[in-house]
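Novice: Next one to model:
(5 chains, ligands or ions: 5)
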Amino acid sequence: MTETMKHTLLFVFVGVMILLEGMTDFLFFSGSWNSALVILNMGLISAIMAIGVNIQWGFAGLFNVGIMGFTALGGLAVVLTSTPVIPAAWSSGGVSILIALVMGAMTVAAGVMITKFMAPGKLRMLVLAGIMIVGFFVYRAIFDPAVGSVEAINPALQGNIGGLGLPVLLSWPAGGLLAAGAAWLIGKTALGLRSDYLAIATLGIAEIIIAVLKNEDWLSRGVKNVVGLPRPLPYEVDLQNDPGFVESAAGLGLDPVLASTIYVKAGYALMFTVVLLALLWMAQMALKSPWGRMMRAIRDNETAAEAMGKDVTRRHLQIFVLGSAICGIAGAMMTTLDSQLTPGTYNPLRFTFLIWVMVIVGGSGNNFGAVLGGMLIWFFWIKVEPMGILLMEVVTSGMAEGSALKAHLVESASHMRLFTMGLILLLVLRFSPRGLIPEK
Amino acid sequence: MSEPFLIGDCMTGGYGKGPDILHDCTIAVNPGEIAVIVGPNGAGKSTAMKAVFGMLNVHSGTVRLGGEDITALSPQDRVVKGMGFVPQTSNIFTSMTVEENLEMGAFIRTDDFTDTMEQVYELFPILRDKRSQPAGELSGGQRQQVAVGRALMTKPKVLMLDEPTAGVSPIVMDELFDRIIEVARTGLPILMVEQNAKQALEIADKGYVLVQGRNAYTGTGKELLADPEVRKSFLGG
Amino acid sequence: GGHAKEVKLGILFGFTGPIESLTPAMASGAELAMEEVTKSGKLLDGATVSSVRADNGCVDNGLAVANAEKIISEGVNGIVGGDCSGVTGAVLQNVAIPNGMVMISPSASSPGLTTMEDNGLFFRTTPSDARQGEIMAEVLKERGVSSIALTYTNNDYGKGLADSIQAAFEAAGGEVTIVAAHEDGKGDYSAEVGALASAGGDVLVVAGYLDQGGLGIIQGSLDSGAFDMFGLPDGMIGDSLPKNIGPDLNGSFGQIAGSDSEGSKIFAEMAKEAGFDGTSAYAPESYDAAALFLLAMQAANSTAPADYMGKVLDIANAPGEPINPGELGKALEILAAGGEIDYQGATGVELIGPGESAGSYREVEVKDGKIETVKFR
Amino acid sequence: MDLLNALVALTNFVIVPGLAYGSQLALGALGVTLIYGILRFSNFAHGDTMAFGAMVTILVTWAFQSMGISFGVLPTALLALPFGILGTIGLVLLTDRTVYRFYRQQKAKPVIFVMVSLGVMFMLNGIVRFIIGPGDQRFADGERFIITARTFKQMTGLDEGLAVKTTQGITVITAIIVVAALFWFLNKTRTGKSMRAYSDNEDLALLSGINPERVVMYTWMIVAALATIAGVLYGLDKSFKPFTYFQLLLPIFASAIVGGLGNPLGAIAGGFIIAFSEVTITYAWKKVLTYGLPDGLSPDGLVQLLSTDYKFAVSFAILIVVLLFKPTGLFKGKAV
Amino acid sequence: MIVVEDLHKHFGGFHAVDGASLEIAKGSITGLIGPNGAGKTTLFNVIAGVLPPTSGRVTMDGEDITGLPPHELFHKGLLRTFQIAHEFSSMTCRENLMMVPGNQSGETLWNTWFGRKRIASEERALRAKADEVLEFLTISHIADLKAGEISGGQKKLLELGRTMMVDAKIVFLDEVGAGVNRTLLYTIADAIKRLNEERGYTFVVIEHDMEFIGRLCDPVICMAEGKKLAEGTLDEIKANEQVIEAYLGTGLKNKDKLAKA
Ligand SMILES: Nc1ncnc2c1ncn2[C@@H]1O[C@H](COP(=O)(O)OP(=O)(O)OP(=O)(O)O)[C@@H](O)[C@H]1O
Ligand SMILES: Nc1ncnc2c1ncn2[C@@H]1O[C@H](COP(=O)(O)OP(=O)(O)OP(=O)(O)O)[C@@H](O)[C@H]1O
Ligand SMILES: CC(C)C[C@H](N)C(=O)O
Ligand SMILES: [Mg+2]
Ligand SMILES: [Mg+2]
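Specialist: Ligands and ions are numbered 1, 2, ... in the order given. Now for the predicted structure:
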């Protein structure tokens, strides 16, 4: 069997799994097309995130463990672009908040300038400290009351500065831009770090981003969450009330509820696929070009690449920004799919490490591997619970009814989810330690 | 002819699943002898050394030490059997101090090794100055000295050196060769790969020329030096 | 119409994740009601009720939505859940509403859910935290507390609750010295305790979870002598708290949803018999959530969500025969006969306008290592 | 007097908890750093290994308690600790045999090891919850306090109390002993040196006659012991709950990194830096200042640099700042 | 062309380069010799921007290049090889060479998507060039092997090959000879000479092989303890007492013991 054949078969396998999910309720499958589409949709988003990570790690060897942060920023972008404008928020304090933020940024910039241009010494320390302290208090003096008044506006539902009221699809590129901007800032400061040091720094930055999202209520309501975000597709309920739709559904022999839910999900699937294919094509072209070669050289040996005239710092920054932007886009897509932003749900295990698992299992350095890993691991992530339960049923089938052990085993079945996930991960890595579709 | 002390006999093998690098390659050394392997880059000299040391799969041929077949032993067991090896690259513990590097050389020894260490320091005085500096901060030539010193610390029964003089200044190279002669004359067989081939063959009792994993020429050092073909193709004229 | 012989209720809780220690008892509570109904054999001509458990990770929207889809595809007739407000909102919007599925949550208490557009599909057996804040302030004032330090678990529940407590208490003339968030499941709460202690106050109000950060904060405060009196909202009420903390907790007080019904005691008994802890947080609410489903189905004589969703408020509220836990069989009979019931259940259920619990509370105090009800509000 | 009060308040709420928490983090970070230094990967299963060790210890403690065995004023768990360590050693050696060894032979890249350790983490996660359940377990017994706040106040007549828990005392003392022992072992013993040599250059260690499998085995054994000790001390001081042990992984890694990966000294320093930065940055200085300053000057506000919301953000920010100036941590760690 | 003025590089308290001043004439092939640890590599590293100097100044054609990053120096025509080979191990030998030339249009992301024609033709040229270099170094047969899997000497050759991919002004060679077969090394020497004569490259060569130095270099600079010890033709240097004592030595002492064999 040729390599290509094998790899195609792997994709076919994932496809078949998802189809089976829709078709049959044999074993751990649910036999629901809705369920299959839900898995597919998140799988597509995961695949996009995996491409983002793969670009950073597989192409350039950047160990970014801050994916969660960029995903969350993508989510924030959805709120900021697509929720309705709240004029009251802007008139009461929104403008002051902006001014305060600009002030803050200027203080920091001034600090950087001073460290750059003043000779080191006591005087510099004094001036620096002076600017920082004054800046901090001025900032707080403008910021705090403004935030107070914004947060006071209808706190149960709003209490934030609101959005721009733009079409929600625009928030996807916006998410990319927001993430890219953050990545640029982070990259400027932290990209000097190597391997696991960069990892923990990005992990920390991601935690900081989440902390800001959780605690700055004026921005996106903090932990109070933003629900009911607009979406690019019609609401199922509206479809169900649309006689035209009901009729055409009936024409296909579908009941309106099923037809509407599938219609919407399939719509998302289509959009996500388009984004995924576009990004995949772009990543693939880049990888196979001299650009990709340069990146691999940088990954292999930075010192030598630098000596061969490649601006390693700039390239690192470029790829960090790109990869993060892709994660931002995926984050915006995910929030759009959920129609809500809930900062409390961002945890590193799910939003960072799982993505890493996808990339490594798929085969780092290979875009198709990343996509495959994304789809496959997501499928398992969802499906390991029924698998765990199945496993428990098999294990306990021989035991006496009502035995304490059996009860305990069945009770613990849901904890078997992580166990099963670990098992699958270890098995895959055992049989293809370089990933399912390894780098060539 | 009696069995040599250490012999890699008709070895054929390569790295992992890759193609064979060595083809029926034989190298051997006797007590008190210096055997030198020369040959073009990529000929398989280092590979042959590693094969003798058990660091790669030889799927035909044997390695015998003092008449005993050691083909199946792991490298660390061969160390215990008295073999010492200085590889061509990454041959020092960069994060450990010079002195600790030497100590690690004596890892399998249970006796007092301060004398040996003293000897090494005499041989390479610069190491004494740098004894408590991490070896990774040394210059290229200094590292090479640490590496050889480390192998000497083992008090091996046979010493294998892969290009010990690469990057070493002439004065140190001379001293190194002097020392190698001395050591060899104590009865310790020495097997080395050298690109400073002329100097090396001058002190060699036996020389091998490897080309593409095969023995191309074998003879005494003098013979090889005298062979115009060998001189032209491998020794730089 | 064509009665299914089997009624399926989904239980969508965070069996893994930050509240994984609460959910087993909650699920057992819900299943207790199902079992009771099945045993009675009176639901829709002897239908059996089975539960379909699914995990939502408490904080994992993706998983929650996928699993909700899954259980719907397995043909559940209603979903008990979710538990945490975040995932509950996600599932409601993305799965329940599109599929026209009814959800009754036992524990999602965020005020935000009150106003969510739900097409009448969402109910909860726990009151919104907006109400609880007022009660807490009342309790504090009545006990002569003039200043409090306030800490909350950093999620929509904790934040919403803390906001409402602070607003109500300050409105009543009290002083809130500090409002500090804490994250659940973290390793160490010394920083929070230090800050709270420094701010001072007569009482430390802990709007958290009793086996999460809340416990850690109380333990830390007691150990370091920072506070010796605590105000405990619903998330902190449960037997495991005094058990874990010991006698030092005596005298602390708080409130939890529930009315002057004997329901809770009955439920606790029933739970004990069934082998789980009925006083565990939200276990009674879970029982009620499941019961409401089944009773509403009976009243509508249908298991289709569209049919029975309108009945939930009817059976939960007066007029009608009050129904306690253990009396589901009786209730089903009454309904079958066309009668009216006023389901009380384990928590004195009373649903108001948007389909959430009206919010009667019982004030409790820890006495001799036991949580005792002092008064109802 | 007031100054004394200020000092006591600070000690009680910052220094004592900081020391105890710092020791716990340091012990955890030591394990992480050893694995990183010698086996060259970031072991994400470490938190769950700690949980496993603590769990075994708890089970043995319960057995002891039911047999009526106790350790006087000290917690029985200390008696059970050796059993916990043995159990954990068994576990890690088993995982090494069945899982990690394969990748070592393949000479897999560190990131593969990291992913594999994630897999192990997931599985341990399941196993621990399966055996002991996801809930809180308390197993501390014996005398709870060395001194309570109340006794302290009575003894000294100060307004402020100072409480020191037995577990805090034990934690700090054990940490000191363990760390000293570890240093002696690594720097002075033959095995210790061979471990460092292996960590530096695997192939060359081979050429020095060091048996790599042995080194790996010793490493795992030491790590298992460290993990169990850290896990038990932590569980004694706070409480045992599988989920928290996973959460603990983050600050532990932060500690190991801030100190410099692979460097035991760094791990210890890192543990205390992270612990104290968490506790001090968000500390409200109001109380201390009120005592310390003359009456008229006592502050109205809380005098808090940052609210506790940003506790983690702050410790990470400190971490990042440290790394910006010292890119491989305070003590020059490794980078693979 | 290159002027180094009073350059210092300290590692902690250790002065690896300790006030070195030297000039490298345009169009010359300058040999740089000196005992191990004399600071030759460190000097290279400082000139090539890998290490920041503690103090001192480096100018190239009158322009101050002190502390410029290596990639900028590359574009100014300053190339170097590494004493310890720095190959791109997961790339093939050919790719190792093809990546070298700067300003490839395919290194711009935009072009990888929308300028693929141009890239393709550039690539063809690069490939031809790389093959030519490999041919020259007698290692055509390893063109498609991963650079991580070639012999130590081959890595050294590859290292040299990279500098041949572009038109450099000045090339610093750090012991290209160590580990390279002598016959080949002298061929390389001829090539260096040719590059020097035909294309006007300036070379600075660190080497411990006097024969190689002799064939190639004029002048020769000898460093010791971080400073310039002597400068002149190789014969002058060879006659210098200090150099002999510190560096060259007086040959084998144990020659007599060889008689036995
Ligand atoms: N990073 C470092 N830290 C401390 N000392 C260093 C460092 N790098 C080099 N040195 C010291 O600087 C001195 C000069 O080293 P350098 O590599 O320049 O020598 P060299 O002249 O190139 O020698 P060789 O001919 O052996 O390559 C050596 O003594 C070495 O120990
Ligand atoms: N790790 C490896 N994996 C696969 N192939 C290798 C590896 N190392 C070397 N080779 C191949 O084996 C052949 C012989 O290499 P070896 O290192 O033995 O050469 P050598 O004679 O020592 O050359 P040199 O004088 O350049 O050191 C080379 O062609 C090389 O491509
Ligand atoms: C189960 C509870 C802990 C849930 C909590 N009341 C919330 O709304 O998130
Ligand atoms: Mg070699
Ligand atoms: Mg050098």
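
Novice: Flag the shaky bits of the stretch 151-300 of chain C, pLDDT-wise.
Specialist: C:259-261 (pLDDT under 70).

Novice: Which residue would be the closest one in it to chain B?
Specialist: Chain B sits closest to residue C:187 of the stretch 151-300 of chain C, with a gap of 31.6 Å, by Cβ to the nearest Cβ. In this view, the C-beta of every residue, glycine as well, is placed from N, C-alpha and C.

Novice: just checking, that residue touches residue D:243?
Specialist: No: using Cβ atoms under 8 Å, residue C:187 is not in contact with residue D:243, being 10.6 Å away.

Novice: the longest helix in chain B is where?
Specialist: helix B:170-185 (DSSP state H).

Novice: got the buried residues for that one?
Specialist: For helix B:170-185, the neighbour count (16 or more other Cβ atoms under 10 Å in any protein chain shown) marks B:170-181, B:183-185 as buried.

Novice: In CSV, list the C-alpha atoms belonging to stretch B:154-174.
Specialist: What follows is stretch B:154-174, C-alpha atoms only, in CSV (Å, rounded to 0.1, in the frame of the first residue of the first chain):
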residue,chain,number,x,y,z
THR,B,154,38.6,4.3,32.0
LYS,B,155,42.0,2.6,31.9
PRO,B,156,40.7,0.6,29.0
LYS,B,157,42.2,-2.6,27.6
VAL,B,158,41.7,-1.2,24.1
LEU,B,159,41.2,2.4,23.1
MET,B,160,39.2,3.5,20.1
LEU,B,161,39.5,7.1,18.9
ASP,B,162,37.5,8.7,16.2
GLU,B,163,39.5,11.6,14.8
PRO,B,164,41.1,12.7,18.2
THR,B,165,43.2,15.4,16.6
ALA,B,166,40.5,17.1,14.6
GLY,B,167,40.7,20.8,15.4
VAL,B,168,43.6,20.4,17.8
SER,B,169,46.6,22.7,17.4
PRO,B,170,49.9,21.2,16.1
ILE,B,171,51.6,21.3,19.5
VAL,B,172,48.8,19.5,21.2
MET,B,173,48.5,17.1,18.3
ASP,B,174,52.1,16.2,18.7
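
Novice: Any residue of that stretch touching chain E?
Specialist: Yes: between stretch B:154-174 and chain E, judged by Cβ under 8 Å from any Cβ of the partner chain, the touching residues are B:163, B:166, B:167, B:168, B:169, B:170, B:171, B:172, B:173, B:174.

Novice: State the pair within these that is farthest apart.
Specialist: The largest separation in those, counting by Cβ to Cβ, is between B:163 and B:171 at 17.9 Å.

Novice: The longest helix of chain B near ligand 1 anywhere?
Specialist: No: counting by Cβ under 6 Å from any ligand atom, ligand 1 is not contacted by helix B:170-185; separation bottoms out at 8.8 Å.

Novice: how far out from the middle of the chain is that helix?
Specialist: Mean-position distance between helix B:170-185 and its chain equals 13 Å (Cα atoms, centre = their mean, to the nearest Å).

Novice: what's the average pLDDT for whatever helix or strand comes next after it?
Specialist: Using DSSP states H and E, the next helix or strand after helix B:170-185 towards the C-terminus is strand B:190-193. The average pLDDT for strand B:190-193 rounds to 92.

Novice: counting contacts, what elements does the helix or strand following strand B:190-193 pack onto?
Specialist: Note on strand B:190-193: by DSSP H and E, the next helix or strand toward the C-terminus is helix B:197-203. Counting contacts by 3 or more Cβ pairs under 8 Å, 6 or more residues apart in numbering or on different chains; DSSP states H and E, helix B:197-203 is packed against strand B:34-38, helix B:170-185, helix B:221-226.

Novice: change it to 10 Å
Specialist: If you count contacts as 3 or more Cβ pairs under 10 Å, 6 or more residues apart in numbering or on different chains; DSSP states H and E, helix B:197-203 packs onto strand B:34-38, helix B:170-185, strand B:190-193, strand B:206-211, helix B:221-226, helix B:228-234, helix E:182-194, helix E:255-258.

Novice: So that helix, near ligand 2 or not?
Specialist: No: remark: helix B:197-203 sits outside contact range of ligand 2, by Cβ under 6 Å from any ligand atom, the gap being at least 10.5 Å.

Novice: what about the residue of the stretch 151-300 of chain C closest to chain B, which SS state?
Specialist: Judged by DSSP: H, G, I helix; E, B strand; the rest coil, the three-state class of residue C:187 is coil.

Novice: Can you show me the strands along the chain?
Specialist: Because you didn't say which chain, this covers chain A. For chain A, strands defined by DSSP state E occupy the ranges A:226-227, A:340-341.

Novice: my bad, the chain I had in mind was chain D
Specialist: Listed in chain order, the strands of chain D (DSSP E) span residues D:145-147, D:164-165.

Novice: show me which of the residues of stretch B:154-174 next to chain E neighbour chain A.
Specialist: Among the residues of stretch B:154-174 next to chain E, no residue lies close to chain A (Cβ under 10 Å from any Cβ of the partner chain).

Novice: Could you export these as CSV, including distance to residue B:95 and pLDDT?
Specialist: Written out in CSV, the entries for the residues of stretch B:154-174 next to chain E read as follows (distance: Cβ to Cβ, whole Å; pLDDT from 0 to 100):
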residue, distance to residue B:95, pLDDT
B:163, 23, 88
B:166, 22, 82
B:167, 21, 81
B:168, 23, 83
B:169, 25, 86
B:170, 30, 87
B:171, 29, 86
B:172, 24, 82
B:173, 27, 86
B:174, 31, 86
